[in-house]
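1. 3D, please:
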Amino acid sequence: MNNIIDLSDDSDGSHLAQVTSAAQTDVKDMLCTSNTSSKESSTGLEKFENIIAKFKHEEDEDKFLRKVINEMNASKEEMASKRIYEQILETMFYDKYIYTEENCSEADYIVKLYGPIMENIFRGSGCRLLWGDTKSPFCQNEANDARLDLRIVAHHTQTVPELCISEYAKKAISWKYYYDKQELKIGIKH
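-> The predicted structure follows:
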């Protein structure tokens, strides 16, 4: 689990559910900005947001997703953000169970959702993503058994420096957070 808080999720077991509603409001007020008042430079994401908005009144979820996916596929844009949007939308359309069923494993989320998204984010960056209970060089040298879900290393080397390490979880629950945090600390002691 990372230390990223999903401000849109305050359901039981979420990061936000761990604090009071007053603290939730304070965090949201501090971190959220209005898109209407922002004069940011164009990121290319507006096109995809506009495609989604174009079909937002479609009542049938499958029809909505199919229309958005088809229009995005027709788009001439070729960028990582397009591939990420497509990945998320296609997962919502073809693999709904990932979002609705409780019996999915951590590996289901990594293989079908997080993995493809992360690979698209880091494509062409000079970084290599090492997936699947990998051991950092420190753990191998120290006979430590801490295994990490993801290690990101510079492409020209498979050892240090690790640029990033991560643990994934299917649900934000406090014991898993602290267990994964301990694994990460053990995995980075150099």
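
2. Helices along this protein, start to end?
-> With DSSP state H as the definition, the chain shows helices at residue ranges 21-31, 45-54, 61-74, 80-94, 97-100, 106-109, 115-122, 137-141, 174-188.

3. For Tyr168, find the nearest of these.
-> Distance to Tyr168, taken as C-beta to C-beta, is lowest for helix 106-109 among those, at 5.9 Å. All C-beta spots, glycine's among them, are computed from the backbone N, C-alpha and C.

4. mind exporting that closest one as CSV, just the C-alpha atoms?
-> Written as CSV, here are the backbone C-alpha positions of helix 106-109 (Å, rounded to 0.1, in the frame of the first residue of the first chain):
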residue,chain,number,x,y,z
GLU,A,106,-4.3,-8.9,-4.6
ALA,A,107,-2.7,-10.5,-7.7
ASP,A,108,-6.0,-9.9,-9.7
TYR,A,109,-5.7,-6.2,-9.1
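
5. that older thread, make CSV from the helices of the chain and add mean neighbour count, mean pLDDT and distance to Gly13 to it.
-> CSV is the format used below for the helices of the chain (neighbours: other C-beta atoms under 10 Å; pLDDT from 0 to 100; distance: least, C-beta to C-beta, whole Å):
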stretch, mean neighbour count, mean pLDDT, distance to Gly13
helix 21-31, 11, 77, 14
helix 45-54, 14, 84, 27
helix 61-74, 15, 87, 24
helix 80-94, 17, 87, 20
helix 97-100, 12, 86, 15
helix 106-109, 16, 83, 14
helix 115-122, 17, 87, 21
helix 137-141, 14, 58, 29
helix 174-188, 15, 64, 9
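
6. Tell me which of those sits nearest to Ser8.
-> For those, the distance to Ser8 is smallest for helix 21-31, at 9.5 Å, taking C-beta to C-beta.

7. Show me what the closest one is packed up against.
-> Using 3 or more C-beta pairs under 8 Å, 6 or more residues apart in numbering; DSSP states H and E as the contact criterion, no secondary-structure element is in contact with helix 21-31.

8. just to revisit the earlier point, JSON lines for the helices of the chain, including distance to Ser11?
-> Supplementary listing: the helices of the chain in JSON lines, determined by distance: least, C-beta to C-beta, whole Å:
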{"stretch": "helix 21-31", "distance to Ser11": "12"}
{"stretch": "helix 45-54", "distance to Ser11": "22"}
{"stretch": "helix 61-74", "distance to Ser11": "19"}
{"stretch": "helix 80-94", "distance to Ser11": "17"}
{"stretch": "helix 97-100", "distance to Ser11": "12"}
{"stretch": "helix 106-109", "distance to Ser11": "16"}
{"stretch": "helix 115-122", "distance to Ser11": "21"}
{"stretch": "helix 137-141", "distance to Ser11": "34"}
{"stretch": "helix 174-188", "distance to Ser11": "15"}
